[in-house]
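Q: After the sequence you'll find the predicted model.
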Amino acid sequence: MIGVFDSGFGGLTVLAALRQRLPQYNTLFLADSARAPYGARSFDVIHDFTLEAVEWLFNEGCTLVVLACNTASARALRTIQQQHLPAHRPDRRVLGVVRPSVEALAGLPPGTLPGVSAPSLVEGTVAVLGTEGTIASDSYGIELRKLAPRLELIQQACPLWAPLVEAGEIEGAGTDWFLHRYLDPVLAAPRPPQRILLGCTHYPLLLPGIRRIVPEGITLIPQGEVVAERLADWLLRHPDQERRLRRGGAQRLATTDDPAWFANHGARVFGAPLQVERARLTPVG
Ligand code: DGL
C-alpha cells in the first residue's frame, strides 16, 4: 500500500488528488488527529510523532509512505530518511511534499537535480504560506536555493489558518480577517510573487476566501495535484518500489482520535462518505 500521513484531516486534500491521479494503487491514510495541529510544536516532538505514524503505516503493510504534512516533511523527513530507514527499514521509502512543491513553485520538471543548468536561469519572486514550524525550518528556502538560486522567496507563516480549518471556520468575516492578516504582507511586498504555494494540507479548504483576496495575475498552487503528479513520476523512475505496491484501488482510513468525528469532518473535505478506523500509535525506540 501507499501510506499517506497527515497531522489532521487536511491531508485528505492530498489523498484525494493522489487517488485521482493513481487510482490503481491501494492506499492507507493516517491522521494523528489526537495530537493535531503539529504547526507550533518543537522539532523533537514533531519528529517523534511522525516516526510513530510512519512505523504504524509500515506495520500495516505500507512499503512507501508519503508525508502529506508539510510540518512533518519539514521537521522530520530528513532524519527519518537518513537515520531511521537505513538502520531499521532499508527496503522502505518515505517521501515528503517540500521537494516536489519547490519544483512546482520554480516551474521545474519533476526530479530536477541541483546544479542542472536550466534552473539557475529561473528568476522572479514566489511565495510559500505555511505553519510556523514549516516556515521556521526554512525547508522551502533551503530546497529552492539548491534548485533555483536566483528565484526570490517570500515565506509567510499563517499560524491560525490550520486551527480555523480544524474548527470548521472556513468562511465568514472572522476568517477573512485572518486571511488578510497573512496575505496582505505578501501582496504588499516590493516585488510581489508570481506564484503562491499553499504549503499546508489545510489551506486548500480556505481557497475560496484566498482567491477573493489574491489578484488574478498571481497563480495559486494547491499542493495535492503537485504531489500526486510528482509521485506518479517518482514511481516511473523507481520501478523496484512501484512493483511492490498492491493494486486494486482499495482504500483504508485511520485516525488516532474518534473515527466518527473524523468521518464526519473528513467527508466534507473528501466529498464522499468515509469509513474510518482507530489507530493506536506507540513510541519508537
Ligand atoms: N498538516 C499540517 C501541514 O501541512 C498543518 C496542520 C498542523 O499544524 O498540524 O503543515
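A: Received the coordinates, thanks.
Q: Close to the ligand: what parts of the chain are there?
A: 6-8, 10, 36-39, 69-71, 131, 134, 162, 200-202 (C-beta under 6 Å from any ligand atom). For every residue, glycine as well, the C-beta is placed using N, CA and C.
Q: Among these, which are located in strands?
A: Asp6 (DSSP state E).
Q: where do the helices sit along the stretch 101-250 of the chain?
A: 132-137, 139-147, 161-166, 173-187, 207-213, 223-237, 239-242 (DSSP state H, counting those that start in this stretch).
Q: Adding mean pLDDT, distance to Ala254 and mean neighbour count, write those helices out as TSV.
A: Output for these, formatted as TSV (pLDDT from 0 to 100; distance: least, C-beta to C-beta, whole Å; neighbours: other C-beta atoms under 10 Å):
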stretch	mean pLDDT	distance to Ala254	mean neighbour count
helix 132-137	92	23	22
helix 139-147	92	26	20
helix 161-166	90	18	22
helix 173-187	98	29	15
helix 207-213	97	26	14
helix 223-237	95	19	19
helix 239-242	97	22	12
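Q: Go through the ones you listed and name the closest to Leu95.
A: For the helices of the stretch 101-250 of the chain, the distance to Leu95 is smallest for helix 223-237, at 6.8 Å, taking C-beta to C-beta.
Q: where does the stretch 51-200 of the chain dip in pLDDT?
A: Scanning the stretch 51-200 of the chain with the threshold set as pLDDT under 70 gives 113-121.
Q: My read is that Tyr140 contacts Gln156, right?
A: No. In this structure Tyr140 lies outside contact range of Gln156 using C-beta atoms under 8 Å: 10.7 Å.
Q: Mind listing the shared neighbours of those two?
A: Shared contacts of Tyr140 and Gln156, defined by C-beta atoms under 8 Å, 6 or more residues apart in numbering, comprise 128, 130.
Q: what's the longest helix seen in the chain packed up against?
A: What stands out as the longest helix in the chain, according to DSSP state H, is helix 43-59. Contact partners of helix 43-59 among helices and strands, from 3 or more C-beta pairs under 8 Å, 6 or more residues apart in numbering; DSSP states H and E: strand 2-6, strand 27-31, strand 64-67, helix 70-75, helix 132-137.
Q: try it again with 6 Å
A: On a contact count with 3 or more C-beta pairs under 6 Å, 6 or more residues apart in numbering; DSSP states H and E, helix 43-59 meets helix 70-75.
Q: hmm, who's touching the helix or strand following the helix it packs on?
A: Once the chain leaves helix 70-75, the next helix or strand it forms, by DSSP states H and E, is helix 77-79. For helix 77-79, the surrounding residues in contact (C-beta atoms under 6 Å, 6 or more residues apart in numbering) are 47, 67, 96.
Q: cutoff 7 Å now
A: Here helix 77-79 makes contact (C-beta atoms under 7 Å, 6 or more residues apart in numbering) with 47, 67, 94, 96.
Q: wait, Gly8 sits on Arg35?
A: No. Gly8 is beyond contact range of Arg35, at 9.2 Å (criterion: C-beta atoms under 7 Å).
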